[in-house]
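A.B. asks: Let me see the structure of the following:
(one chain, ligands or ions: 1)
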Amino acid sequence: HNRNPKTRPPGFKAYPLVGSLPDFLLNRHRFLDWTTDVLRNCPTHSAVFRRPGKVHGIITANPDNVEHILKTNFHNYPKGERFNYLLRDFLGQGIFNSDGDLWKLQRKTASYEFNTKSLRNFAIQNVTVEIQTRLIPLLQRASKSESVLDLQDVLERFAFDNICKLAFNVDPACLDGGSGDAAVGAEFMRAFEDAATLSSGRFMSVFGWVWELKKFLNVGSERKLRESICTVHAFADNIIRSRMEAKDPHNDDMDLLSRFMAKEENSPEFLRDIVISFILAGRDTTSSALSWFFWILSSRPDVKDKIIKEIETVRASCEKRDYGEASFGYEELKELKYLHAAITESMRLYPPVHVDTMACLNDDVLPDGTGIKKNWFVTYHTYAMGRMESIWGSDCVEFKPERWFDEEGGVFRTESPFRYPVFHAGARMCLGKEMAYIQMKSIVAAAMERFEIDAVDKDTCPEQHMSLTLRIKGGLPVRVRPRECVMSTA
Ligand code: HEM
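C.D. replies: Numbering: from 1, shown residues only. Predicted structure coming up:
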């Protein structure tokens, strides 16, 4: 690719993505695979996205373009006014929905905190408790009753409990399901889910004025959105208020809210925005990743065996150190290298954040020669990038954890985040990457050590449901059986 702006070809070299409405309608149910095919066949893997009569933006699966957008010319590609506006009712000015100084301020505090040992320890402790007291008993019950379990739902409830603990040290107990405090938690989770889905639904509205009118009249989806936002805000406001009224606001709490309260003179509304953004960011990304992971694994006994062997080896070394928890400690999790590679490989094929979109502030030419105009959007297509022969070679669609190790097979091969933008890249790269791996590896290790988990329909690729993350439509029905020859018990 020609990176020299003086000699690279002039702009507007791009290929139509949505050429005709019939094409779009025919392929709507397989949107990601269809757009992947189109990008694969474009010479530089970039295309123009059109709606009738109007060019709206560029979609790309080209790593040089991704580097340009997320790093080299970062300032030209913010989230943008439209994104901010559509999500403002729900997210306010939280990190996920802000640009410029407001974003920088939150990013600075958060990236410092995400690098502290104390936050990591807090995260490990929360995951361990959730696994020990809820996940393992739930899987045990499913294995005894031999019933079919929706694993995606279980993983989503796990992730929600977990991110709420991390964000403001509240346990909504969604994985406990049921009565008392858990019912309040479940209502909060449901309202959060509705608010996220309905807010993102505004992006799909062909005519923007339709949702604005519904909002003005307080009817239909906008009425439901308003109600769910009220529920979410009331829940968060209560916690923030009582924390602020507490005698010592700089208490020993390890959660993110306390850290933001201690460092800045932030208003209660801004603290709420901050907390809600973190919950959104950490809510259903890990559950999406693990749902696809468990589905893939169901038809790959060879990979399963290697993971189990590794877990048993690491568990044996834990026992020598008299480490008898249901989960694993930080050092042990680091030793689960093959598992790390298998999860990374699974997210290459099924990235939780399947596409990501930015706005273009000023006319620009991308490194592959594609021109982009002010006010267009630019989307990088993470799902397509995981399936490009030019990036991963001729076996790009195969699930092969081994590709993440060097020639000798021992050292994990790190990949450029611009070729593997599963966690984004550049200045706005995901802050929760390490925590996400801690959570995912802990869950898989604890579950696979004790149980055989198999998708009921392991040979049919599940239908995709695209919300903010890539989920499995209708959930992931699995059967759970006790694993024979378990080395330790919960
Ligand atoms: C497998 C799990 C995860 C994946 C694949 C993932 C992926 C991503 C991606 C693609 C973005 C960029 C989104 C954008 O353009 O706004 C992002 C941002 C972010 N993620 Fe994650 N994420 C994961 C888990 C988490 C967790 C568990 C947390 C919190 C504990 C978290 C915190 C954040 C935050 C705060 C941002 C915003 C960063 C910024 O705008 O400066 N993520 N993540």
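
A.B. asks: who in the stretch 201-350 of the chain is up against the ligand?
C.D. replies: By CB under 6 Å from any ligand atom, the residues of the stretch 201-350 of the chain that approach the ligand are 278, 281-282, 285-286, 289. From N, CA and C alone the C-beta is placed, and that goes for glycine too.

A.B. asks: Pick out the most distant pair among those.
C.D. replies: In those, two members sit farther apart than any others by CB to CB. They are Phe278 and Ala289, at 17.8 Å.

A.B. asks: pLDDT weak spots in the stretch 101-250 of the chain?
C.D. replies: Scanning the stretch 101-250 of the chain for pLDDT under 70 picks out the ranges 177-182, 206, 247-250.

A.B. asks: Need the nearest residue in space to whichever residue of it sits closest to the ligand, chain neighbours excluded.
C.D. replies: Nearest to the ligand, among the residues of the stretch 101-250 of the chain, is Arg107, at 4.8 Å (CB to the nearest ligand atom). Distances taken as CB to CB, 6 or more residues apart in numbering place Ile95 nearest to Arg107, at 6.4 Å, with adjacent residues excluded.

A.B. asks: and the one you found, what does it touch?
C.D. replies: By CB atoms under 8 Å, 6 or more residues apart in numbering, the contact list for Ile95 reads 103, 106-107, 110, 274, 277-278, 281.

A.B. asks: Would you confirm that Phe114 contacts Met429?
C.D. replies: No: at 11.0 Å, Phe114 and Met429 do not qualify as touching, with contact defined as CB atoms under 8 Å.

A.B. asks: who has more neighbours, these two?
C.D. replies: Phe114 (18 against 14; other CB atoms under 10 Å).

A.B. asks: ok, the nearest residue to the more buried one once chain neighbours are set aside - contacts?
C.D. replies: Spatial nearest neighbour of Phe114, excluding adjacent residues (CB to CB, 6+ apart): Leu431 at 4.8 Å. Counting by CB under 8 Å, 6+ apart, Leu431 touches 107, 110-111, 114, 281.

A.B. asks: out of these, which are inside helices?
C.D. replies: Judged by DSSP state H, the subset of the contacts of Leu431 located in helices is 107, 110-111, 114, 281.

A.B. asks: Now, of these, which are buried?
C.D. replies: Among those, those buried by neighbour count (16 or more other CB atoms under 10 Å) are 110, 114, 281.

A.B. asks: any idea how far whichever residue of the chain sits closest to the ligand is from Ile163?
C.D. replies: Using CB to the nearest ligand atom, the single residue of the chain nearest to the ligand is Gly432, 2.1 Å away. Plainly put, Gly432 is 9 Å away from Ile163 if you go by CB to CB, to the nearest Å.

A.B. asks: Next, show the common contact partners of those two.
C.D. replies: The contact sets of Gly432 and Ile163 overlap at Gly282 (CB under 8 Å, 6+ apart).

A.B. asks: More neighbours: which of these two?
C.D. replies: Higher neighbour count among Gly432 and Ile163: Ile163, with 27 against 20, using other CB under 10 Å.
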